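Colleague: Provided below are the primary sequence and the corresponding predicted coordinates.
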Amino acid sequence: MFGRWGKLPVRIGERIGLLEPDIPALPPGAKRPRHTFRWDLDKTYLRTEFDSFADLARSAFENAADKAAFPGATALLRALHQKDHRICIVSGSPTQMRNVLAAKLALDGVEYDEFVLKNNLKNILRGRFRALRAQIPYKLPAMLRSRIAAAADSETLFGDDAEADAIIYCLYADLVAGRVSIADLERVLIASRAYDDDAQHCIDLAHQVPKGPAVRRMFIHLDRRSPPVGFRRFGPRLVPVFNYFQAALVLYEDKVLSARQVIFVALEMIDSKQYELGHLATSVQDIVRRGRITRETALQLTADASEAAKSGALSGRSDLPPFEQIAEAFRARVRELGNHVPPVLPEEPIDYVRLVDEEHEHRRDRRKHGH
């Protein structure tokens with residue numbers, strides 16, 4: 001199938017980007033991670049535009065210092081990098097950008113355990129042009145391989161609304177939980193236009209992956225400002241967020257982050273000059289209104305954060321009002337909701353084949369209109 005490329009020496013294959021490094025397994029005797037956090041990069045962590053050829057070219061020639069992370073994302077990733085936690089990055093960016101992207105993460109002080117990029121050069125050389133844009137046949141096997149190498153009891157996933165992340169993440173979660181059969185997976189892979197051998201590889205991994213209700217939470221960063229209501233069909237475990245303060249609030253309710261860590265995410269956003277305290281107070285109100293955290297959680301955060309502030313979390317921040325004034329502004333925005341009853345989100349099986357078909361049609365329409 002590979003023709004003369006199938007016999008490339010490993011060293012040459014690595015040099016021109018044909019070979020993707022294996023996902024590292026845990027060292028012998030190492031403990032399994034307690035919690036794995038899986039992140040996309042473009043439009044999830046990094047502000048990246050790739051809707052046109054000009055966007056792609058500009059992104060390809062940017063150096064590490066030119067690339068910008070979304071406010072709060074760096075502080076959140078640092079907070080999540082703890083003992084017994086595992087940070088895994090799976091991005092659709094090409095393997096040729098590994099050095100630049102790794103340098104950007106190093107500049108930001110972000111540590112990670114895995115870093116997988118898409119080998120589009122290999123797809124081109126093999127004439128697999130459908131695979132250049134296809135995400136399910138690429139991301140789903142990468143995530144399954146990662147879990148096989150190091151299965152955590154809990155997983156949290158971060159993606160965006162630019163591709164099919166919501167579909168892929170829910171499919172992965174349901175496969176791992178045993179809620180999607182191999183026959184259903186086969187139908188999804190056919191709908192996703194996967195090549196036969198890629199589909200078979202994915203099915204083989206699905207047989208091997210350790211099962212259990214591991215994926216507790218998924219976040220979709222609304223880079224395209226997609227209406228959150230469009231994600232209700234994915235159920236309560238998937239949370240669309242406009243910014244990473246909202247993600248931090250949900251993780252606080254999930255008891256993954258402390259109030260102090262939520263404060264650091266908020267401070268990074270304020271320091272970016274793209275957010276003010278009023279924006280963050282509105283973010284709290286929005287996430288409560290949508291039923292993604294409870295009013296009680298929001299009010300408890302202000303109490304816990306007050307204690308964190310007294311212990312020095314805001315030391316040296318003379319640019320901010322007194323913390324009690326900040327906390328009262330947040331409490332006021334929550335009280336404005338009155339007796340609002342948040343929507344009840346469905347918990348029912350997802351028709352993945354229909355969703356994949358809809359996503360394919362949506363992408364085709366966007367290309368037709370030059371987007």
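Modeller: Structure received. Numbering: from 1, shown residues only.

Colleague: Which residue ranges of the stretch 201-350 of the chain form strands?
Modeller: 215-221, 238-241 (DSSP state E, counting those that start in this stretch).

Colleague: Those into JSON lines, with extra columns for mean pLDDT?
Modeller: Shown next, in JSON lines, are the strands of the stretch 201-350 of the chain (pLDDT from 0 to 100):
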{"stretch": "strand 215-221", "mean pLDDT": "97"}
{"stretch": "strand 238-241", "mean pLDDT": "98"}
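
Colleague: Could you dump the ones you listed into JSON lines with mean neighbour count and distance to residue 354 added?
Modeller: The C-beta positions use only the backbone N, C-alpha and C, and glycine is treated the same way. As requested, the strands of the stretch 201-350 of the chain are exported to JSON lines (neighbours: other CB atoms under 10 Å; distance: least, CB to CB, whole Å):
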{"stretch": "strand 215-221", "mean neighbour count": "23", "distance to residue 354": "19"}
{"stretch": "strand 238-241", "mean neighbour count": "23", "distance to residue 354": "17"}
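
Colleague: Determine how far the longest strand along the chain lies from the middle of the whole chain.
Modeller: Longest strand in the chain by number of residues, with DSSP state E as the criterion: strand 85-94. The gap between where strand 85-94 is centred and where its chain is centred comes out at 9 Å by CA atoms, centre = their mean, to the nearest Å.

Colleague: And stretch 118-125, by the same measure?
Modeller: Relative to the centre of its chain, stretch 118-125 is centred 23 Å away, using CA atoms, centre = their mean.

Colleague: quick one, domains of this structure?
Modeller: Here the domain assignment for the chain is 35-51+59-238, 242-335, based on automatic domain parsing.

Colleague: Quote the end-to-end distance of the last one.
Modeller: Right, the one you point to is domain 242-335. Using CA to CA, to the nearest Å, one end of domain 242-335 lies 21 Å from the other.

Colleague: Likewise for the longest one?
Modeller: End-to-end distance of domain 35-51+59-238: 17 Å, with CA to CA as the criterion.

Colleague: can you put the domains of the chain in CSV and add distance to residue 363?
Modeller: Compiled in CSV, the domains of the chain are given as follows (distance: least, CB to CB, whole Å):
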stretch, distance to residue 363
domain 35-51+59-238, 7
domain 242-335, 23
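
Colleague: Low-confidence regions, this structure specifically.
Modeller: Counting by pLDDT under 70, the chain has low-confidence residues at 1-25, 49-61, 366-371.

Colleague: And the residue nearest the centre of it?
Modeller: Central residue check for the chain by CA atoms, centre = their mean: the C-alpha nearest the mean position is that of residue 158, 1.7 Å away.

Colleague: What segments of the stretch 1-150 of the chain are strands?
Modeller: Taking DSSP E, counting those that start in this stretch as the criterion, the stretch 1-150 of the chain carries its strands at 35-39, 85-94, 114-118.

Colleague: of all those strands, which lies closest to residue 337?
Modeller: strand 35-39 (30.1 Å; CB to CB).

Colleague: how much does that closest one deviate in direction from strand 114-118?
Modeller: Relative orientation of strand 35-39 and strand 114-118, computed by axes from the mean of the first three to the mean of the last three CA atoms, to 10 degrees: 30 degrees.

Colleague: Partner strands of strand 35-39 and their direction?
Modeller: Here strand 35-39 is paired, per DSSP bridges, with strand 85-94 (parallel), strand 154-160 (parallel).

Colleague: what number of residues lie near residue 211?
Modeller: Applying other CB atoms under 10 Å, we find 13 residues neighbouring residue 211.

Colleague: ok, it - contacts?
Modeller: Remark: with contacts taken as CB atoms under 8 Å, 6 or more residues apart in numbering, residue 211 is in contact with 176-178.

Colleague: Let's see that with 10 Å instead.
Modeller: Residue 211 makes contact with 147, 151, 175-179, according to CB atoms under 10 Å, 6 or more residues apart in numbering.

Colleague: Identify, by residue count, the longest helix of this structure.
Modeller: Ordering each helix of the chain by length in residues (DSSP state H) puts helix 352-368 first.

Colleague: Give me the contacts around it.
Modeller: Around helix 352-368, the neighbours that count as contacts under CB under 10 Å, 6+ apart are 51, 133-136, 163-164, 166-168, 170-171, 174, 180, 184-185, 187-193, 233-234, 351, 371.

Colleague: can we see that at 7 Å?
Modeller: Among residues not part of helix 352-368, those counted as contacts by CB atoms under 7 Å, 6 or more residues apart in numbering are 136, 164, 167, 171, 187-188, 191-192.

Colleague: Good, wrapping up.
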